[in-house]
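J.: I'll drop the sequence and a predicted model, then ask my questions.
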Amino acid sequence: MTRRPLLAAVTLAFRYGEPEQARPLLQRAVANEPKDPVAWGDAMTMHLHLAVLDGEQIPESGRSEHITRAGVACTEFGLRTCSPEELRDVARGILRDVH
Amino acid sequence: MYRDPRLEILGPCISHLGLFAVAVAFTQSCRNSGDLAEIHGDPLYNLGLQFDAESPANDLPPIGPELRVIRDSDGPRAASLLQLALQLRRNELDGAAATCSELGWRSCDADTLARMRQEVLR
């Protein structure tokens, strides 16, 4: 219930506006540990968006906080493609959609 | 002293009805004052209710207080982002256009808003 407007707002900011404007909402979204599998999936999405904001899709950036957390969420969500490189690839996909 | 046996049934029924009426009044009072969001502990809860409502529901609490909480904690742009998502979801395109402009986005024309609306309807 609380995540749907957040996810919509984040998507709009990334695809049509200024991605950085979504940072406070993303940080709010990941502040609490998820309590169910769907919430873990949403957390993975949010961390991947934060990873894009911090440039973590570039391996040489030296930063990996949100990629790492996305990996934890990915595993909890029940996916198997959760390696840092696979998640950086997903993050690059998010970046390609940025307006 | 004669005790009507019907009172033994009616008495508890009346007291339970009374308790129920108090509970309903309390809940309605909380909704009206926006305290329901406090009960759920998240200002986004009411926004989520509005987001999922098929049409503006008169019995849902207003979202102004929730957006003010977000504005105070996360900044005006975060609140505007949420407001834009809600306006698009509810097909309030004039309001969405104004909010989009407030955010300083490059394209806030009708075609772009229509694509944005499709995005939030997914």
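T.: Perfect, thanks for sending it. Numbers count the residues shown, from 1 in each chain, chains lettered A, B, ... in the order given.
J.: What residues does chain B have near chain A?
T.: B:42, B:44-45, B:47-49, B:51-52, B:73-75, B:77-78, B:81-82, B:84-86, B:88-89, B:100, B:103-107, B:112, B:115-116, B:119-120 (CB under 8 Å from any CB of the partner chain). Any C-beta I mention is one placed from the backbone N, CA and C, and that applies to glycine too.
J.: what's residue 79 in contact with, if anything?
T.: As the question left the chain open, I've gone with chain A. A:M44 (CB atoms under 8 Å, 6 or more residues apart in numbering or on different chains).
J.: Wait, chain B was what I had in mind.
T.: B:67-68, B:70-71.
J.: And the next helix or strand past the host helix or strand of it?
T.: Counting by DSSP states H and E, the element that carries B:A79 is helix B:76-89. The first helix or strand that comes after helix B:76-89 along the chain, using DSSP H and E, is helix B:93-102.
J.: what's next to that following helix, contact-wise?
T.: Here helix B:93-102 makes contact (CB under 8 Å, 6+ apart) with A:17, B:80, B:83-84, B:87-88, B:108, B:110, B:112-113, B:116-117.
J.: so which of those residues is the most crowded?
T.: Counting neighbours by other CB atoms under 10 Å in any protein chain shown, B:L84 leads the contacts of helix B:93-102 with 30 neighbours.
J.: Next up, the contacts around that residue.
T.: By CB under 8 Å, 6+ apart, the residues touching B:L84 are A:9, A:12, B:96, B:99-100, B:103, B:116.
J.: Which pLDDT value belongs to it?
T.: pLDDT recorded at B:L84 is 95.
J.: Check B:L10 too.
T.: 67.
J.: For A:A29, see how far away the closest residue to A:Q27 other than its chain neighbours is.
T.: Spatial nearest neighbour of A:Q27, excluding adjacent residues (CB to CB, 6 or more residues apart in numbering or on different chains): A:L50 at 7.4 Å. For A:L50, the distance to A:A29 (CB to CB, to the nearest Å) stands at 9 Å.
J.: repeat for A:T68
T.: Using CB to CB, we find A:T68 at a distance of 17 Å from A:A29.
J.: more neighbours, these two?
T.: Counted by other CB under 10 Å, A:T68 and A:A29 do not tie: A:A29 has more neighbours, with 25 against 15.
J.: Just confirm the more buried one contacts A:M44, I think it does.
T.: No: look at A:A29 against A:M44 with CB atoms under 8 Å: they stay out of range, at 11.2 Å.
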